[in-house]
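Asker: mind folding the following:
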Amino acid sequence: MSDPVPSLRLRRLAVPIYGPNLLIAVGMGAVVPLIALSALDLGASVTQAAIIVGLIGFGQLVGDLPAGSLVQRFGEKRVLLVACTVEAAALLVASRTESLAVLSASVFVVGLTSAVFGLARHAYLSEAVTLAFRARAMSLLGGTFRIGGFIGPFVGAFLIEQYSFEATYAFAAGTSLAGGLLSLALPELRAAGPTVAVPEKRSMWSVLVAHRRVLATLGAGVLFVMIARASRTAIIPLWAAHQGLDATTTSLIFGVAAGVDMLLFYPGGAIMDRFGRMWVALPAMLVMGAGFLLLPLSGTALAIGSVACLMGLGNGISSGIVLTLGADVAPDEGRRQFLGGWRLCGDLGGIAGPGLISLVSLVFPLGAAAIALGLITWFGAAWLAKWVPVYDPAREPREKAPV
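Answerer: Here you go, the predicted structure:
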């Protein structure tokens, strides 16, 4: 492992590391619940709307492997600024279009830029934080998205009520630009230790082949985690619309669920650091699976909101689990290339979940898709129970750094 950044330096890096995540998360929290609704307003069916929502995950999937090469070649600051600028442009296009094809392309581009942004932050913290505090640092990173996800839907509901859908997309574009500019304040990590300054010579594919076993076992586990997370985001607004709820009510449900979601992100990281990753991974998947199975039984705003809060509880305690597991198994040599493959495993789940909703809803009611997702999530819990302990460094004795 590379030398960790001193704790004082980490405190100084808190704003440029976590600040852009928070800004972008607020904007995306306002927009994401509206993507399916925008598609429905443009004449899409429930199946088509689910596919369009899934294009965010598909864009991330396509962008994961190139993202590692881009960050390695051009550096974090330039890549982050360009990614945030392109994301802002895509959101503005989505706000003005009357074409499903253009909306789909814009959502796909947002996914591409998210892949670049996410990999750069993940790789940076993987190198900068000591093992004793790794899960907490990663949970805080995931927690900033949850805080933004809590604030964003309320902002979206206000903007929809007072202005329009277009104003909400424009707001998200502004937060993306602000996040890119704030990323320019991020100092170079190579000052922390000599290992970071050495360019990675190995090719992407050689790194992935060398670590194919961990990607096929633990990586498959994070695929199930991301299926649950992405499906939760897609199916709740679709189910709410299916039950006749309007866009404002749907945004409020998202906001309340996000409030529950963000309550446990730091305790979850502390549990992982102290007791091991399994103490978070298994309960989170069991709870989210139960939420999917209960969703078809909900028919009112209160009932749907209650199920959304239950799923938010499971999702919240698992904040940072995918980032932490990736940092645990990432090699020093070829770290960015490996994390590109690792994030590819997770993002496969990001498109598989909404895709499953689309396929099942072609033949069966939407509630059948929720039941299928619940069973898949519980299978993922069993898979994680087998493989997380194999690779969990938190189970090994290690020196505890002072708080």
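Asker: Ala281 - nearest residue in space that isn't next to it in sequence?
Answerer: Leu384 (4.7 Å; Cβ to Cβ, 6 or more residues apart in numbering). Every C-beta, even on glycine, is put in place using the N, C-alpha and C of the backbone.
Asker: Thr97 too?
Answerer: Thr97's closest residue in space is Leu103 (Cβ to Cβ, 6+ apart), at 5.4 Å.
Asker: name the residues of the strand or helix carrying Phe254 that are buried.
Answerer: If you go by DSSP states H and E, Phe254 is part of helix 247-261. Neighbour-count burial for helix 247-261, with 16 or more other Cβ atoms under 10 Å as criterion, is recorded at 247, 249-261.
Asker: what packs against the following helix or strand past it?
Answerer: On the C-terminal side of helix 247-261, the closest following helix or strand by DSSP H and E is helix 265-275. On a contact count with 3 or more Cβ pairs under 8 Å, 6 or more residues apart in numbering; DSSP states H and E, helix 265-275 meets helix 134-162, helix 278-294, helix 301-317, helix 321-329.
Asker: for the buried residues of helix 247-261, give me TSV that also has distance to Val62 and pLDDT.
Answerer: Putting the buried residues of helix 247-261 into TSV (distance: Cβ to Cβ, whole Å; pLDDT from 0 to 100) gives the following:
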residue	distance to Val62	pLDDT
Ala247	29	78
Thr249	34	85
Thr250	28	83
Ser251	29	76
Leu252	33	84
Ile253	31	86
Phe254	26	78
Gly255	30	76
Val256	33	85
Ala257	29	84
Ala258	27	76
Gly259	32	79
Val260	32	85
Asp261	27	81
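Asker: got any ranges where the stretch 251-400 of the chain has weak pLDDT?
Answerer: For the stretch 251-400 of the chain, the stretches with pLDDT under 70 are 394-400.
Asker: apply 80 and report the result again.
Answerer: Counting by pLDDT under 80, the stretch 251-400 of the chain contains low-confidence ranges at 251, 254-255, 258-259, 332, 334, 350-351, 354-355, 358, 392-400.
Asker: next, the angle from the top helix by length along the chain to helix 247-261.
Answerer: The residue-count maximum for a helix in the chain (DSSP state H) belongs to helix 7-41. Per axes from the mean of the first three to the mean of the last three Cα atoms, to 10 degrees, the angle that helix 7-41 makes with helix 247-261 is 150 degrees.
Asker: for whichever helix or strand comes after helix 7-41, buried residues please.
Answerer: For helix 7-41, the succeeding helix or strand toward the C-terminus, using DSSP H and E, is helix 46-74. Using 16+ other Cβ under 10 Å as the test for burial, helix 46-74 gives 46-65, 67-68, 70-72.
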